[in-house]
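*Asks:* build me a structure from this.
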Amino acid sequence: MGRRAGSADLPLHGGRVPAWLGQRMTKLGAVITEAIVHHYGREEYLRRLAHPFWFQSFGAVMGMDWHSSGITTSVIGALKRGLGPLQNELGLTVCGGRGAQSRKTPDELLAAGQRAGFDGAALAAASRLVAKVDSAAVQDGFDLYLHGFIVADDGQWVVVQQGMNGDSKLARRYHWLSEGLNSFVDAPHAAIDGRGQGEIVNLTDHRAAASRLGQIDLLKDMGPDGIVREAAALAGLPATPPPPPEAPLLPHLVMPEHHDVRPKDVIMRRLHGALAAAAESGPKDFQDLLMVPGVGARTVRSLALVAEVIHGAPCRFADPARFSLAHGGKDRHPYPVPLKVYDETIGVLKSAMNKAKLGNDERLEAIRRLDDATRRMERDARGPDFDAFVADERKRSHDYGGMSVFGPEPPPEEPDLFATAGPSGPASGFGGGQGRSGR
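*Replies:* Down below sits the predicted model:
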């Protein structure tokens, strides 16, 4: 069985992932998955996918828009492409997807069950039931359009599905995990949360048990026509049910509407810890890691955030925006994707995994130690403020191979040596293009 592990509300964004980013997301998503399974096993990887904050951070570290609905589609798509060739090795299969792909989930589960030996028909039924619960039993105004089902060869699974509300321009993501559920219809959710949308119908709440039983009795006694007549007679009558007892606080993620990454979206002490670990520990403790061609200080800085995605505890992902500071975002928020750094990050992780498969864990352990150093140092580390950090990254973007949906990042404009300084400030020739803060 399974349980609802959390939910997320996200601004609804359209558009497609450009090929140059999608290909890299496929590679990075796969190698991060390999590292997590290597260190912690498949069950822990499924638990992470079921955690809304970790999932959002996972998408952000791969260069997607840190707060938008597109993370769900792109991450599921990247994992389906990246883990497909590895399904026999890792024992993980990604089924479903967006739109027409979601309707193929039962057939894909049947095929996976035949390959791995689990009951694919039972999981196909679970897939349909999970979708029905979040579309019919929970009537919160969001229409499902994406259903991703990730299953391990031992039959454990996680479902990540998403619905949209066109009026509010929001998407809502629902996470299910096959751990600890006794019933699909009686309190299966560990969390249903999000922005207030008015009254909703939730027949899966345990307080609705009498209602569920009553509906069955009504159907037996009155038949469908009788229920329709009764409902018509009751239409418009005031209803004053007693207020429900206060629900416990449960995990949920609500992302802001603003597209840009702002200082309040990032826990700066954690960012400073990652910067300090990369700057001070990297050259001293990671000689083998740094022998990978092309790896420099900027790549180690990204690796510190990737290491946290691999090794971090759930409490570390309260600020998903911070992970966009590893590889930027395709829409230039917080800055363009540094393709050279991104490719070096993938290269380091793939090299570490290849060595680990041969029995040499040293490079993977170096990445884990980088995460340990980040946590140790963040209590006392100091560093640039958020705006200065982003401004410097944008200034260097061209050198890093910066790319966005608007195209390659041009070099920074050179200062006009003939401009004269005004009485109250520096020379006026240090202009920058639109959106080029800090240049």
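
*Asks:* could you pull out the helices in the stretch 251-400 of the chain for me?
*Replies:* 268-276, 282-285, 287-290, 297-311, 324-327, 339-357, 362-377, 386-395 (DSSP state H, counting those that start in this stretch).

*Asks:* go through the ones you listed and name the closest to residue 255.
*Replies:* With Cβ to Cβ as the criterion, residue 255 lies closest to helix 324-327 of the helices of the stretch 251-400 of the chain, at 11.9 Å. No exception for glycine: its C-beta is placed from N, CA and C like everyone else's.

*Asks:* hmm, who's touching that closest one?
*Replies:* 60-63, 66, 261, 266, 271, 301-302, 305-306, 333-334, 337-338, 341-342, 345, 389, 393 (Cβ atoms under 8 Å, 6 or more residues apart in numbering).

*Asks:* CA atoms only for that helix - export them in CSV, please.
*Replies:* Taking C-alpha atoms only, helix 324-327 is exported to CSV below (Å, rounded to 0.1, in the frame of the first residue of the first chain):
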residue,chain,number,x,y,z
SER,A,324,19.3,27.1,-8.3
LEU,A,325,22.6,28.8,-7.3
ALA,A,326,24.5,25.6,-8.5
HIS,A,327,23.6,25.8,-12.2
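
*Asks:* please compute how far it lies from its chain's middle.
*Replies:* 13 Å (Cα atoms, centre = their mean, to the nearest Å).

*Asks:* just stretch 94-105 next, same as before
*Replies:* Chain-centre distance of stretch 94-105: 18 Å, with Cα atoms, centre = their mean.

*Asks:* may I see the buried residues of that stretch?
*Replies:* Neighbour-count burial for stretch 94-105, counted by 16 or more other Cβ atoms under 10 Å, picks out 94, 95, 96, 97, 98, 101, 102, 105.

*Asks:* so which of the residues you listed comes closest to residue 83?
*Replies:* residue 94 (5.4 Å).

*Asks:* ok, what's across the strand from the closest one?
*Replies:* residue 150 (DSSP bridges).

*Asks:* got it, and residue 165?
*Replies:* Here residue 165 sits in beta bridges with residue 170, going by DSSP bridges.

*Asks:* now the stretch 1-150 of the chain, which segments are flagged as low pLDDT?
*Replies:* Where the stretch 1-150 of the chain drops to pLDDT under 70, the residues are 1-2, 137-139.

*Asks:* in it, which spans are helices?
*Replies:* 19-40, 42-49, 52-61, 70-83, 87-90, 105-116, 120-132.

*Asks:* and the fifth one, what does it pack against?
*Replies:* Meaning helix 87-90. With contacts taken as 3 or more Cβ pairs under 8 Å, 6 or more residues apart in numbering; DSSP states H and E, helix 87-90 sits against helix 19-40.

*Asks:* neighbouring contacts of the helix it packs on?
*Replies:* With Cβ under 8 Å, 6+ apart, helix 19-40 has contacts from 17, 44-45, 48, 58, 61-64, 74-75, 77-79, 81-83, 86, 90, 92, 306, 309-311, 330, 337, 339, 342-343, 345-346, 349-350, 352-353, 356, 364, 367-368, 403.

*Asks:* mind redoing it with 7 Å?
*Replies:* 44-45, 48, 62-63, 74-75, 78-79, 81-83, 86, 90, 306, 309-310, 330, 337, 342, 345-346, 349-350, 353, 356, 364, 403 (Cβ atoms under 7 Å, 6 or more residues apart in numbering).

*Asks:* buried ones among those?
*Replies:* By 16+ other Cβ under 10 Å, the contacts of helix 19-40 give 45, 48, 62-63, 74-75, 78-79, 81-83, 86, 90, 306, 309-310, 330, 337, 342, 345-346, 349-350, 353, 356, 364, 403 as buried.
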